[in-house]
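> Fold the following.
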Amino acid sequence: MEKKLKKLQSIFLINSYKFGLVLIIYLSVTLAIGIVNYPYLDDAARQLSGGTDFARSYSRWVSEVASWGVQGSRHLTDMGLSTHILTAIILAATSILAVYILNRKTFSWGALICSTMIGINPWFLQCISFRFDSPYLSLSLFFSFLPFLWWGSRKSFFIASVLCVLAMCNTYQPSSGIFIVMVLALTFRDWPDKKLSSIIQGIVVSGIAYGVGLIFFLMETKLNPELAERGGTTSIASFEEIPATIIKNVEIYFSTIINQSAKIWIVLCAFTIALFVISSMIRTKKNALLSLFMSSAYLIFGSILSYGVLLIFTEGLAAWNPRYAYGFAVFIAISLILLVGENKGEPLYHVNLLFSGILFYYILSFSFTYAATLNYQKEAFQNQSVQLASDLKRVLPTKGSSVYMNRFFEESPILTNSKANFPILHNLVPRNDDLYFVNRWMFNTYSNLTISVEPIQNQDFLSGELKVSTVSYDIYSVNEDTYVLMK
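Now for the predicted structure:
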């Protein structure tokens with residue numbers, strides 16, 4: 001044990017600058033998002049009620065218990081940037097762990113930098129945006145890589161995999177494809193140097209361990225009847241419908257990723273994939289066609305299976321929210337680690353490093369673009385709330401009255417402009433016009449009004465008295481009711 005601790009200490013001392021850079025990258029992104037103080041989706045309810053709801057609503061018991069430990073209480077409060085700092089630490093540990101495993105216990109600058117795309121990719125940014133939940137969503141990534149520390153020992157790997165798959169499911173199930181991708185990545189890395197029987201044994205052990213972990217989680221969910229009430233987000237296709245469901249979900253998965261991606265991301269990913277195949281053929285020094293087949297098989301199966309168990313869900317969840325589709329981005333990051341982490345003397349090494357570095361730059365810069373547009377959207381909502389509140393205060397009969405609206409406010413023009421380059425912003429940044437819970441809560445907060453905002457059901461109010469008319473809205477009064485018609 002003492003030797004292991006000394007070895008671990010030595011690794012950290014030798015690579016301290018590299019590890020520090022990884023942490024700085026993650027901190028810069030998580031803090032840029034955290035400083036905006038945007039109550040992202042579920043955050044608003046937790047800020048008001050202090051409830052966790054991770055276990056009861058989602059069967060995420062690791063998240064539930066971990067949140068108690070982080071908060072020091074079962075009643076949650078907004079901890080400011082604390083959770084975002086913790087998220088950065090967990091993601092940095094995940095990236096370091098991934099490089100350690102994939103690059104045979106060595107750390108290169110290129111591999112470590114590319115590894116940060118595990119956590120700062122555009123689809124996982126939605127997970128980072130949650131002020132309360134981001135550390136536990138990040139833990140699901142960490143648990144997906146952890147068992148591969150014991151990849152060389154079948155028994156230890158099996159036990160660790162079962163426990164980590166169960167823990168991953170109890171933090172965030174969309175990470176379920178990462179374990180599969182890691183098995184494929186390590187199999188692809190090792191195939192030129194290992195016997196076929198050993199490779200098959202590793203795949204079989206991994207598959208059984210993965211299945212056992214999922215079965216344990218499925219048994220756990222049966223103890224939670226509320227999950228059945230969540231509809232398509234937890235509904236699995238029947239056995240006879242699975243083939244058709246998988247085909248449908250694969251189409252939705254890839255079409256969503258392509259439609260949400262900036263053009264430059266697509267081009268650079270295509271280049272790096274081509275370089276991955278060519279470099280693999282050079283490295284193996286075996287039959288070129290066999291190497292082409294193996295690299296193609298890894299890329300095809302890895303990209304599809306990165307979607308994990310969501311492949312057999314009845315709903316195409318990737319189209320619902322970006323956070324359901326980050327598995328593919330993690331697959332790309334894993335592939336880049338393999339691409340730039342070894343064989344510095346090979347002919348294409350610097351070319352691989354160049355294109356991977358350029359892709360990293362665009363992904364990192366988008367993280368800051370997202371944080372900025374989130375802030376602009378919040379400011380736009382706040383400014384329009386204050387303007388509307390000043391007029392409502394003059395016409396509302398009482399402070400706690402009901403107000404009926406056709407929608408809320410306009411988007412920030414900066415966000416509208418940014419969508420031209422980054423379509424995913426349409427799905428990442430919450431809309432200002434939606435009459436959903438978070439916007440209602442934000443309006444009452446910014447306006448200092450305690451009113452109930454309800455959707456307009458018909459146009460009868462147009463016959464009422466027009467109290468206020470501006471370029472943005474008209475306010476009508478009908479008996480004791482107030483109607484706001486946004487233009």
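> ok, which stretches of the stretch 251-400 of the chain are strands?
Read by DSSP state E, counting those that start in this stretch, the stretch 251-400 of the chain holds no strands at all.
> Any regions of it where pLDDT drops low?
342-345, 399-400 (pLDDT under 70).
> make it 80
Scanning the stretch 251-400 of the chain for pLDDT under 80 picks out 284-286, 342-347, 397-400.
> ranges for the helices of it?
Applying DSSP state H, counting those that start in this stretch to the stretch 251-400 of the chain gives helices spanning 263-284, 288-305, 326-340, 349-395.
> Tell me which of the ones you listed sits most buried.
Greatest average neighbour count among these goes to helix 326-340 (a mean of 26), per mean count of other CB atoms under 10 Å. In this view, the C-beta of every residue, glycine as well, is placed from N, C-alpha and C.
> how far does it sit from the chain's center?
The gap between where helix 326-340 is centred and where its chain is centred comes out at 15 Å by CA atoms, centre = their mean, to the nearest Å.
> Would you mind telling me which of the helices of the stretch 251-400 of the chain is nearest residue 240?
Minimum separation from residue 240 across the helices of the stretch 251-400 of the chain (CB to CB) falls at helix 288-305, 20.8 Å.
> Format the helices of the stretch 251-400 of the chain as CSV; extra columns: distance to residue 478.
Shown next, in CSV, are the helices of the stretch 251-400 of the chain (distance: least, CB to CB, whole Å):
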stretch, distance to residue 478
helix 263-284, 50
helix 288-305, 56
helix 326-340, 48
helix 349-395, 11
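> Tell me which of those helices sits nearest to residue 85.
Of the helices of the stretch 251-400 of the chain, nearest to residue 85 by CB to CB is helix 349-395, at 15.3 Å.
> residues in contact with the next helix-or-strand element following that closest one?
Toward the C-terminus, helix 349-395 is succeeded by strand 402-405 as the next helix or strand (DSSP states H and E). Strand 402-405 is contacted from outside by 392, 396, 435, 451-457, 461, 481-486, using CB atoms under 8 Å, 6 or more residues apart in numbering.
> ChimeraX command for the buried members of those residues?
In ChimeraX, a selection of the buried entries from those looks like this (16 or more other CB atoms under 10 Å):
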select :392,396,435,451,453,456,461,482,483,484,485,486
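> Quick check: residue 474 is in a helix.
No. Residue 474 is assigned strand when assessed by DSSP: H, G, I helix; E, B strand; the rest coil, not a helix.
> Hmm, residue 465 and it touching each other?
No. At 11.0 Å, residue 474 and residue 465 do not qualify as touching, with contact defined as CB atoms under 8 Å.
> Compare neighbour counts for these two and give me the winner.
Per other CB atoms under 10 Å, whichever of residue 474 and residue 465 has more neighbours is residue 474, with 16 against 11.
> shaky segments in the stretch 51-200 of the chain?
For the stretch 51-200 of the chain, the ranges with pLDDT under 80 are 56-57.
> Which parts of it are helices?
In the stretch 51-200 of the chain, the segments counted as helices under DSSP H, counting those that start in this stretch are 54-58, 61-71, 82-102, 109-115, 117-120, 125-129, 134-145, 154-169, 176-190, 196-221.
> ok, and what's touching the second one?
Just to be clear, that refers to helix 61-71. By CB under 8 Å, 6+ apart, helix 61-71 touches 52, 54-55, 74, 76-77, 79, 82-83, 86, 132-133, 135-137, 139, 167, 170-172, 220.
> What's the PyMOL line that selects buried ones from those residues?
Restricted to buried positions by 16+ other CB under 10 Å, the PyMOL selection for the contacts of helix 61-71 reads:
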select buried, resi 52+54+55+76+83+86+132+133+135+136+137+139+167+170+171+172+220
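> Out of the contacts of strand 402-405, name the ones that lie in helices.
Using DSSP state H, the subset of the contacts of strand 402-405 located in helices is residue 392.
> okay, now the domains of this structure?
16-343, 370-486 (automatic domain parsing).
> hmm, back to that, would you mind saying which of the helices of the stretch 51-200 of the chain lies nearest residue 318?
helix 176-190 (11.3 Å).
> from the middle of its chain, how far away would the closest one be?
With CA atoms, centre = their mean, you get 19 Å for helix 176-190.
> Neighbours of residue 310, how many?
For residue 310, the neighbour count with other CB under 10 Å is 23.
> Likewise for residue 5?
9.
> List the buried residues of the host helix or strand of it.
Applying DSSP H and E as the criterion places residue 5 in helix 2-14. Neighbour-count burial for helix 2-14, with 16+ other CB under 10 Å as criterion, is recorded at residue 11.
> Please apply the same query to stretch 313-327.
Buried residues in stretch 313-327, counting neighbours by 16+ other CB under 10 Å, are found at 313-319, 321-327.
> repeat for stretch 396-411
Quick answer for stretch 396-411 (16+ other CB under 10 Å): 396, 401, 403, 404, 405, 407, 408, 409, 411.
> ok, which pair from those is furthest apart?
401 and 411 (27.4 Å).
> dump the residue contacts of the residue nearest the centre of the chain.
By CA atoms, centre = their mean, the mean C-alpha position of the chain lies nearest to residue 124, the distance being 2.5 Å. Contact analysis of residue 124 by CB under 8 Å, 6+ apart lists 118, 141, 323, 326, 329, 330.
> Looking at the residues you listed, which is nearest residue 431?
The nearest one, if we look at the contacts of residue 124 relative to residue 431 and count by CB to CB, is residue 323, at 16.6 Å.
> For that closest one, which residues are in contact?
123, 124, 126, 127, 137, 174.
> my read: the fifth one touches residue 131, true?
No. The criterion here is CB under 8 Å, and residue 137 misses it with residue 131 at 11.7 Å.
> Relative to residue 256, which of the contacts of residue 323 is nearest.
Checking the contacts of residue 323 against residue 256 with CB to CB, the nearest one is residue 123 at 9.6 Å.
> Is the closest one in contact with residue 321, as I believe?
No. Using CB under 8 Å, residue 123 is not in contact with residue 321; the gap is 9.1 Å.
> which ones are touching residue 290?
Residue 290 neighbours (CB under 8 Å, 6+ apart): residue 284.
> Would you confirm that residue 81 contacts residue 33?
No. Using CB under 8 Å, residue 81 makes no contact with residue 33, being 10.0 Å away.
> Looking at these two, which is more packed in?
It is residue 33, of residue 81 and residue 33, that has more neighbours when counted by other CB under 10 Å, with 27 against 17.
> quick one on the thing from earlier: return the member of the contacts of residue 323 nearest to residue 243.
Nearest to residue 243, judged by CB to CB, of the contacts of residue 323 is residue 174 at 21.8 Å.
> nearest residue to that closest one other than its sequence neighbours?
With sequence-adjacent residues excluded and distances taken as CB to CB, 6 or more residues apart in numbering, residue 174 is closest to residue 324, at 5.1 Å.
> Alright, I will stop here.
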